[in-house]
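Asker: what's the 3D shape of this:
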Amino acid sequence: MREMFRDFVGKQRQCPFKGVSDAHHMSYKRFRRRIIQRSSREGPAVSTPLATEWQCELSFEFDTVCQRLELDSPPRHREPVQTVLQGNPPETALEEGMSHCGAVKTQSTPPTISARRRPVENPPEQGLVWRAAEQEHSSEQQTGSDEGRHDLQPFAILDKAAVSLQGKTVMKLAAPSLLNDYYTNVLDCSCNGVIALALGSSVYLWNSETRALAGRLDPNQQTGQPHRQSVSSLRWSRDGRALCIGTRRGEIQLWDVEKKQNMRCLPSHLSVVRALSWKQQLLSSGSVLGRIHHLDPRAPAPLVGAAIQKEAICSLQWSPGDDRLASGSADGLLHIWDSDVAGVTRSKQPITTMKQPSAVKAMGWCPWQGKMITTGGGWKDREMRIWDTQSGTCVTSANTNSQICSLRWAERKRYLVTGHGLPHHQVSTWEFPSLNPVHKLTGHSHRVLHLALNPDGTQIFSAGADQRFHIWDL
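Answerer: Next up is the predicted model:
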C-alpha cells in the first residue's frame with residue numbers, strides 16, 4: 001500500500017497545476033489518515049452490498065451438521081437456505097414443470113439470483129455407477145476382534161456366532177462411514193434377502209443368505225469433484241428387482257439390480273429426500289420441505305401427483321392394502337392421506353392427523369390390521385403408540401424409557417421390533433397388541449438407527465451409529 005501511495009504522490013507532483021495538486025495531495029493524506037484511524041477503532045469503514053450478496057452460501061450439503069447430532073431435535077435453522085423461486089414456494093417449479101429426467105419447463109417468472117446460482121439437479125455424470133465386489137474383500141472377512149481397526153471394509157466380519165446376554169446368536173459386521181443422522185432411512189432388505197445399506201455416498205448390496213457382498217453403487221468420480229452428495233434414503237421395490245435411492249441433493253435414482261443398470265434418474269425435489277415408499281409400480285417420496293411427490297417411472301412425465309404439508313417429512317409409508325399413505329413429520333405430526341394421488345395440487349388435505357410430542361420418524365403399518373399403525377417417540381417422548389387411523393385415536397401405548405430411532409414389524413411372530421438410542425442402545429421386541437417386552441438385544445455401543453428383517457422374519461438386521469451392522473436370530 002505504501003508503494004502505491006508513493007506512486008500516486010509522484011504522479012500528482014508531475015501535474016502542472018501545483019497548487020491544485022498540493023491541495024489534493026494534502027486532502028488525500030488527511031482523508032487516508034482518518035480512514036485508517038476509524039477502521040482501527042470501528043472495523044471496516046465502507047461496506048458494499050455486493051460483498052454480502054456473492055458470499056459463499058450454504059448449499060444442499062448442509063447436513064454435515066445434522067450428521068453429528070446426538071439427539072433427534074429437528075434442524076429448524078437450515079430451512080431458509082433452500083431455493084425459493086419468485087412467486088412460487090420451494091419445489092413448486094418441479095411440481096408444475098417436470099416432464100422427464102433432466103428437463104424442467106421454463107418458468108413464467110425469472111428466478112432470483114440465489115435460484116440461478118444453484119443448479120436444479122445434478123448432471124447425469126454425477127450419479128452412481130455399479131462396481132462389482134472386490135476380490136480381496138473376502139480375504140479381509142476374518143473372525144476375531146477388530147474393534148481397534150480404522151480401515152475396516154464394509155461388511156467385514158468382526159465377530160461371528162457370538163452369544164448375547166439373552167442367548168440370541170448374533171453376527172457383527174463393519175459398517176464404516178454410516179452417518180449418525182437420526183432422519184435418514186438407509187437400510188432395507190429385499191424380498192430376496194439382499195441387504196441395501198448406504199454408507200456415506202455409496203450403497204452396498206450384501207446377500208444375507210450367502211453372506212457375500214454382491215456389489216456396490218459408488219459416485220461417478222469422472223467429474224473430479226472432491227465433495228460428494230451422500231445418500232439420505234433408499235427402498236427396494238416389492239418384487240426385489242429395483243432399488244430406489246434418494247440423495248441429499250434431491251435426486252432419485254432407480255436401479256435394476258439384476259441387470260446392474262441405472263433404469264432412470266427422476267428429478268423430484270429441491271431438498272433432501274428423506275423417505276421413499278412404493279405402491280405397486282408407483283413411487284412416493286417425501287422431502288425436508290414437506291413435499292410429497294408421486295412418481296410413475298414408466299411414464300415419460302413421471303410426476304403424476306403431489307401433496308404438500310407444512311412440516312418437514314422424516315417418514316413415509318403406504319399401508320399394506322395401498323389405500324392409505326402415512327407421513328410423519330419432524331414436528332410430531334402423523335398425517336394419513338387417501339389413495340387418490342392424481343394431480344398436482346396444494347389444496348389436498350390429509351384425512352386424519354395425529355400428534356405426538358416428538359418427531360414421527362419410527363413408524364410402521366400393522367401387516368395384518370390395515371388400519372392400525374405404530375409410531376415411536378424420540379428422546380423427549382420415548383413412548384411407543386398404536387393408532388387407529390380411522391378414528392385418529394391412540395389405542396394403546398408403552399413407555400420404552402429410551403429414544404426410539406427405528407421400528408419394524410415381525411409378521412411371522414406378530415412382534416414389534418424397535419431400535420433404541422439413549423440411554424440403552426438396544427434392539428427390543430414387543431408383543432402385539434399388549435406391547436409387553438419380549439427380548440432386549442444388546443451389543444451396539446451407540447444408538448440403533450436402522451432396522452430390517454429377512455423375508456421369512458427369522459432374523460433382525462440392525463445398523464447403529466457405532467458403525468456396526470448386527471444380525472440377530474429372532
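
Asker: every contact and neighbour count from this point should use C-alpha atoms.
Answerer: Will do.

Asker: okay, now the residue nearest to residue 234 when sequence neighbours are not counted: neighbour count?
Answerer: Nearest non-adjacent residue to residue 234, counting by Cα to Cα, 6 or more residues apart in numbering: residue 245, 4.4 Å away. For residue 245, the neighbour count with other Cα atoms under 10 Å is 25.

Asker: contacts only, for residue 245.
Answerer: 231-235, 252-254 (Cα atoms under 8 Å, 6 or more residues apart in numbering).

Asker: so which of those is the closest to residue 373?
Answerer: Nearest to residue 373 out of the contacts of residue 245 is residue 235 (Cα to Cα; 19.4 Å).

Asker: which of the three states applies to that closest one?
Answerer: strand (DSSP: H, G, I helix; E, B strand; the rest coil).

Asker: low-confidence stretches in the stretch 101-250 of the chain?
Answerer: 101-126, 135-150, 161-169, 221-228 (pLDDT under 70).

Asker: just to revisit the earlier point, any chance of the contacts of residue 245 in TSV, plus distance to residue 381 and neighbour count?
Answerer: As requested, these are arranged in TSV below (distance: Cα to Cα, whole Å; neighbours: other Cα atoms under 10 Å):
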residue	distance to residue 381	neighbour count
231	28	28
232	24	26
233	24	27
234	27	28
235	27	25
252	32	24
253	35	20
254	36	21
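
Asker: now those residues in CSV, with distance to residue 131?
Answerer: Below are these laid out as CSV (distance: Cα to Cα, whole Å):
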residue, distance to residue 131
231, 17
232, 20
233, 20
234, 18
235, 19
252, 19
253, 16
254, 16
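
Asker: quick check: the farthest pair among the residues you listed?
Answerer: So, those by Cα to Cα: farthest apart are 232 and 254, at 14.3 Å.

Asker: and the residue nearest to residue 234, that's in a helix?
Answerer: No - assignment of residue 245 by three-state DSSP gives strand, placing it outside any helix.

Asker: now do it against residue 437, distance only.
Answerer: 34 Å (Cα to Cα, to the nearest Å).

Asker: before we move on, what about residue 188?
Answerer: Residue 188 is 24 Å from residue 437, by Cα to Cα.

Asker: of the two, which one has the most company?
Answerer: Ranked by neighbour count (other Cα under 10 Å), residue 188 and residue 437 place residue 188 first, with 24 against 16.

Asker: quick check, the more buried one in contact with residue 195.
Answerer: Yes - counting by Cα atoms under 8 Å, residue 188 does reach residue 195; the two are 5.9 Å apart.

Asker: which strand or helix spans residue 350?
Answerer: Using DSSP states H and E, residue 350 sits in no helix or strand.

Asker: please enumerate the helices of the chain.
Answerer: Listed in chain order, the helices of the chain (DSSP state H) span 2-13, 18-42, 49-53, 92-97, 113-117, 137-140.

Asker: and stretch 321-340, which residues are buried?
Answerer: By neighbour count on 16 or more other Cα atoms under 10 Å, the buried set for stretch 321-340 is 324-338.

Asker: nope, stretch 252-270 is what I meant
Answerer: Buried-residue list, stretch 252-270, by 16+ other Cα under 10 Å: 252-255, 257, 260, 262-270.

Asker: narrow those residues to those in strands?
Answerer: Counting by DSSP state E, the buried residues of stretch 252-270 place 252-255, 262-267 in strands.

Asker: done for today, thanks.
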